[in-house]
Each structure stands twice: as C-alpha cells, then as structure tokens.
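Undergrad: sequence and predicted structure are below.
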Amino acid sequence: MDLIRRPLLLCLASLAALLAGCESTGGSTANPVIPAASTVSAAQLRPGDSLTISLQGVPDPSTHSVQIDDRGNITLPYIGTVSTAETTTGDLAERIRAEYIAKQIYRTVDVSVSVTERYVYVGGEVARPGRVIWMPDLTVTKAIQSAGGFTLYAKETKVSLTRGSAAYEVNVTLAQRDPKQDILMMPGDSVQVPRSPF
C-alpha cells in the first residue's frame, strides 16, 4: 500500500507546485491605474509636438511649421525662442502675440496655433522602435502594434510606460486578453519593452 501511496503523494505535490508556479508567472490581475486627463492634460503641449503657427492682421502675414524641441521651446522669426512649458495652444498663441508686441515687431497681431501631429515613443524589443503618431484612442497595445509588434525576445509582461516623471509596469499580455486593462496613452508618453532573459 505504501508503494502506491508514496508515488501518488509525490505526484500530487508536484502538481500543486506546478500550479502555484503557473499562477505566479501570470503576473498581476490588473494593470496600474495611471493619471489621465484629469491630472495630465491632453491639451497641454509637449516636446515633439508639431505645430502650425499663423500670424495674421499684419503687413506680412505668415504661417510657420515648427516642432517643440526637447527643452520645450520653439523658434520664430524676429522674436527667437519662445517657451511652450505648461501651455495649451491658446496659451501659446497669447504668449507669442505678447512677445511680438513687447519687442515692437508689430503693434497688433492675430496669432493662431494648431497641433498638426503629436507623438508617443516606443522602444526596446519591438520591430520598429521610434515615434508613433498619437491619436485619442491610442493604447499601449496599439502603440506596440504600430511599432511592428514584439520581437521574439520581448518580455511582454513587464513593459514600462513612462508618463512625465513617473514610470509604470504594464502587463501587455493581460491587456491583450482583457481590453479594460489596456492603458490609454497620452502625448509624450514613452513605452519601453524589455528583453526577456530566456
């Protein structure tokens, strides 16, 4: 009887250990809650945004296509560098207008600012790392798909999403199974896909 019982107990213990191991490798049951538009405004301009700036109501009306640099600045004729830090398109239009008037380039000028393209960044173990054009419905999984999808060496359960100065760990495998766990991206977000050790 002991000869039958021992292998059976050993088999049950092995099965229990295997099941426990499967649960631990599956990752968490939910992805993190990340601050969205309430605390990080989608309307706020960010480095990398492409803008069209139109100057009207002046003797030489003009339109300028510019991109916000890594320091959050743009450069315009006659007034030079203008900071876009913590501004929306409306705020920036007013800031530019005030600069042209303060430097006595124009007495009056109508300025309009529109965003032509905004980006997120996807790097690491994806087929085509680089910038991905941001759209309001862009999620982490869609951004990775736009970058060509995961490479064979990607660790899909430990993807890093950086927003502002904070980083969050995202389980993309979980997000693919449950769309509610797929995190909406904001302009300027960065996704880094790590390499699996196996």
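TA: In hand now; what should we look at? Numbering: from 1, shown residues only.
Undergrad: what sits against the residue nearest to residue 84 when sequence neighbours are not counted?
TA: Once flanking residues are discounted, residue 84 sits nearest to residue 45: 4.7 Å by CB to CB, 6 or more residues apart in numbering. The C-beta positions use only the backbone N, C-alpha and C, and glycine is treated the same way. Taking CB atoms under 8 Å, 6 or more residues apart in numbering as the contact definition, residue 45 lies against 51, 68, 72, 84, 87-89, 92, 115.
Undergrad: now, those that are in strands?
TA: 51, 115 (DSSP state E).
Undergrad: which among the contacts of residue 45 gets closest to residue 169?
TA: Of all the contacts of residue 45, residue 169 sits closest to residue 72, with 27.2 Å by CB to CB.
Undergrad: could you measure from that closest one over to residue 178?
TA: Distance, residue 72 to residue 178, using CB to CB, to the nearest Å: 36 Å.
Undergrad: for residue 118, same thing?
TA: From residue 118 to residue 178 the distance is 27 Å (CB to CB).
Undergrad: give me the more crowded residue out of these two.
TA: Under the neighbour definition other CB atoms under 10 Å, residue 118 and residue 178 were set side by side, and residue 118 has more, 22 against 13.
Undergrad: and the pLDDT for that one?
TA: Note on residue 118: pLDDT of 91.
Undergrad: is it true that it touches residue 185?
TA: No - contact criterion CB atoms under 8 Å: residue 118 and residue 185 do not qualify, at 10.3 Å.
Undergrad: now do the shared contacts for these two.
TA: In contact with both residue 118 and residue 185: residue 134, using CB under 8 Å, 6+ apart.
Undergrad: hang on, residue 172 packs against residue 155?
TA: No - using CB under 8 Å, residue 172 is not in contact with residue 155; the gap is 9.5 Å.
Undergrad: low pLDDT regions in the chain?
TA: 1-28, 35-42 (pLDDT under 70).
Undergrad: which stretches of it form helices?
TA: Ranges of helices within the chain are 2-25, 89-102, 140-146, 172-177, based on DSSP state H.
Undergrad: who touches the nearest residue to residue 151 once chain neighbours are set aside in this structure?
TA: Distances taken as CB to CB, 6+ apart place residue 125 nearest to residue 151, at 4.4 Å, with adjacent residues excluded. Shown in contact with residue 125 (CB under 8 Å, 6+ apart): 150-151, 153-155, 193-196.
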